[in-house]
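Trainee: build me a model from this:
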Amino acid sequence: MKLVRDHETLENITNLIEYAFQKHQPIIDDSLFLSRYAHADCYGVYQDKQLTNLVMANHFEIQVFDQTAKMAGIGYVASYPEYRGKGGISTIMSELLADLHQQEVAVSQLAPFSEAFYRQFGYEVTSKQKIYEIPAAAFTFLSSEKKGRIVRGSWHQMKPVIQSIYQRLLKQQQVGTVIREDWWWDRLDSYYAQRFYAVAYDEKDQACGYLIYRMQGETLLVDELAYEEVFGLRKLLTYLKAHVSSFKDFLYHAPMHECIERCFSEQSAISITIKPYMMSRIIDIEQLFSKMPIIQNEIILEVAEDRECPWNVGSWLISQGTCKKVNQVGAIKASIHGWSELLLGDLTLSEGIFLGKVTTTKEITSPLIPNGKQNFYDYF
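Mentor: As a prediction, the model looks like this:
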């Protein structure tokens with residue numbers, strides 16, 4: 001059930017979170033926790049007069065090409081050990097998804113502790129990270145960008161220009177990237193202690209990229225590397241290069257479309273690993289279909305299966321930005337898992353057909369469903 005907002009309930013919630021996530025200090029008065037709690041709905045199950053299971057849903061918007069959609073970020077999924085495996089979380093998830101649909105939320109995202117566990121609720125892996133491990137010596141093969149300048153400062157000094165760049169990047173074919181509100185930006189700065197901020201300016205003194213990073217022993221950890229053009233990328237990499245005398249390694253958990261290795265004349269020293277990160281589930285397929293720039297004037301797409309959100313099942317006629325249910329066979333057919341990968345992940349239509357996740361009624365030679373890109377992954 002959806003939990004009320006009162007002090008007693010907050011105590012029950014924080015007690016469960018502290019136990020389940022091994023918090024060593026009380027969080028009931030912690031400003032970081034309370035900032036998230038203030039922008040969330042909490043769902044729980046009471047047994048024996050005790051809150052035994054919990055799910056928290058934070059409300060955001062995400063970019064969907066040139067449009068936006070409501071998104072629920074799921075976190076703090078918790079149960080006391082003696083109540084695990086008894087269906088408490090399943091009960092919550094069914095109610096939560098139904099409520100989110102009523103609130104016209106199109107998508108839900110989460111960072112899974114188990115992909116199989118969340119897959120039973122319709123979630124599928126849609127976000128991956130491209131992890132760069134770059135030894136300091138590799139920067140020998142990076143040509144320094146002499147033009148332009150870098151400005152470094154605190155979050156509050158750099159906030160307006162960084163937010164402006166972030167907003168502009170959202171318009172570049174992005175799907176699933178969080179449209180960060182002020183409270184979430186400020187929470188990120190507080191949550192990750194000792195972060196540094198740097199902005200790249202071009203020859204016309206226009207801000208064209210930013211870098212957010214931390215220093216952890218002999219490793220410089222890049223949290224975000226954002227740029228609007230190749231000059232910004234070169235300038236920010238040159239700024240990282242200026243740190244080689246202080247750090248042995250540079251670590252960057254990047255979005256999948258990142259290509260910084262191409263700026264190095266020798267790439268062999270750079271280690272690149274692909275790792276699954278976030279899962280998504282489509283709550284309102286009609287809403288999402290209508291926002292996608294389908295590359296065809298008219299097409300019928302079919303959802304073959306969705307146990308938790310049955311309103312998605314069926315065939316949908318997409319025509320010039322409109323979407324309506326029809327009683328016809330779809331030209332492209334997939335389960336809600338397949339559609340989540342196609343629309344929110346990096347699965348291409350041809351890959352989906354090859355893997356058996358997608359079926360078609362005829363041979364489709366053109367990429368009808370565009371693949372967007374995600375920039376910086378947020379953790380819920």
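Trainee: verify the stated contact: L96 with Y43.
Mentor: Yes. With contacts counted by CB atoms under 8 Å, L96 reaches Y43, the gap being 5.2 Å. C-beta here means a position set from N, CA and C on the backbone, and glycine is covered the same way.
Trainee: residue ranges with poor pLDDT in the protein?
Mentor: 365-367 (pLDDT under 70).
Trainee: show me how it divides into domains.
Mentor: Annotated domains of the chain cover 7-105, 130-276, 279-360 [automatic domain parsing].
Trainee: and those domains as JSON lines, adding mean neighbour count?
Mentor: As requested, the domains of the chain are exported to JSON lines (neighbours: other CB atoms under 10 Å):
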{"stretch": "domain 7-105", "mean neighbour count": "17"}
{"stretch": "domain 130-276", "mean neighbour count": "16"}
{"stretch": "domain 279-360", "mean neighbour count": "18"}
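Trainee: so which of the ones you listed gets nearest F117?
Mentor: Nearest to F117, of all the domains of the chain, is domain 7-105, at 8.4 Å by CB to CB.
Trainee: so how far is the closest one off the chain centroid?
Mentor: Computed by CA atoms, centre = their mean, to the nearest Å, the chain-centroid distance of domain 7-105 equals 18 Å.
Trainee: not counting stretch 6-26 itself, show me its contacts.
Mentor: Defining contact as CB atoms under 8 Å, 6 or more residues apart in numbering, one finds that stretch 6-26 is touched by 3, 27-28, 33, 37, 42, 44, 50-52, 54, 76, 78-80.
Trainee: how does it look with 7 Å?
Mentor: Here stretch 6-26 makes contact (CB atoms under 7 Å, 6 or more residues apart in numbering) with 3, 27-28, 42, 51, 54, 76, 78-80.
Trainee: follow-up on the earlier one: please enumerate the shared neighbours of L96 and Y43.
Mentor: Shared contacts of L96 and Y43 (CB under 7 Å, 6+ apart): V55.
Trainee: quick revisit: and of the domains of the chain, who's closest to P112?
Mentor: Ranking the domains of the chain by their distance to P112 (criterion: CB to CB) puts domain 279-360 first, at 5.1 Å.
Trainee: gap between the two ends of the closest one?
Mentor: Taking CA to CA, to the nearest Å, domain 279-360 runs 25 Å from one end to the other.
Trainee: check stretch 317-336 too.
Mentor: Chord length of stretch 317-336, first to last residue, is 17 Å (CA to CA).
Trainee: how far does that stretch sit from the chain's center?
Mentor: The answer for stretch 317-336 is 26 Å, by CA atoms, centre = their mean.
Trainee: again with stretch 112-123
Mentor: With CA atoms, centre = their mean, you get 16 Å for stretch 112-123.
Trainee: same thing with stretch 282-297?
Mentor: Relative to its chain's centre, stretch 282-297 lies at 19 Å (CA atoms, centre = their mean).
Trainee: could you do stretch 311-322 as well?
Mentor: The mean C-alpha position of stretch 311-322 is separated from the chain mean by 25 Å, CA atoms, centre = their mean.
Trainee: same deal with stretch 126-133?
Mentor: Distance, stretch centre to chain centre, for stretch 126-133: 12 Å (CA atoms, centre = their mean).
Trainee: same question, stretch 285-300
Mentor: How far stretch 285-300 lies from its chain's middle: 22 Å, per CA atoms, centre = their mean.
Trainee: what does it rub up against?
Mentor: If you take CB under 7 Å, 6+ apart as the criterion, stretch 285-300 is touched by 64-65, 67, 69, 106-107, 282, 301, 303, 312, 315-323, 326, 328, 330-331, 339, 343, 366-370.
Trainee: do stretch 256-271 as well
Mentor: For stretch 256-271, contacts defined as CB under 7 Å, 6+ apart pick out 128, 130, 132-135, 137-138, 141-142, 233-234, 237, 272, 346, 373.
Trainee: ok, stretch 116-125 next?
Mentor: 93, 110, 112, 115, 276, 279-281, 306, 308-309, 336-337, 340-341, 345.
Trainee: could you pull out the strands for the stretch 201-350 of the chain?
Mentor: Chain-ordered strands for the stretch 201-350 of the chain, with DSSP state E, counting those that start in this stretch as the definition, fall at 207-216, 219-227, 249-255, 271-276, 279-282, 298-303, 314-319, 322-326, 332-334.
Trainee: the helices in the chain, which residues?
Mentor: For the chain, the helices defined by DSSP state H occupy 7-20, 31-37, 88-102, 115-119, 155-169, 182-191, 230-241, 285-291, 336-344, 349-354.
Trainee: in CSV: those helices, plus distance to H257.
Mentor: Formatted as CSV, the helices of the chain follow (distance: least, CB to CB, whole Å):
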stretch, distance to H257
helix 7-20, 35
helix 31-37, 28
helix 88-102, 28
helix 115-119, 22
helix 155-169, 12
helix 182-191, 21
helix 230-241, 12
helix 285-291, 20
helix 336-344, 14
helix 349-354, 16
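Trainee: understood, closing this out.
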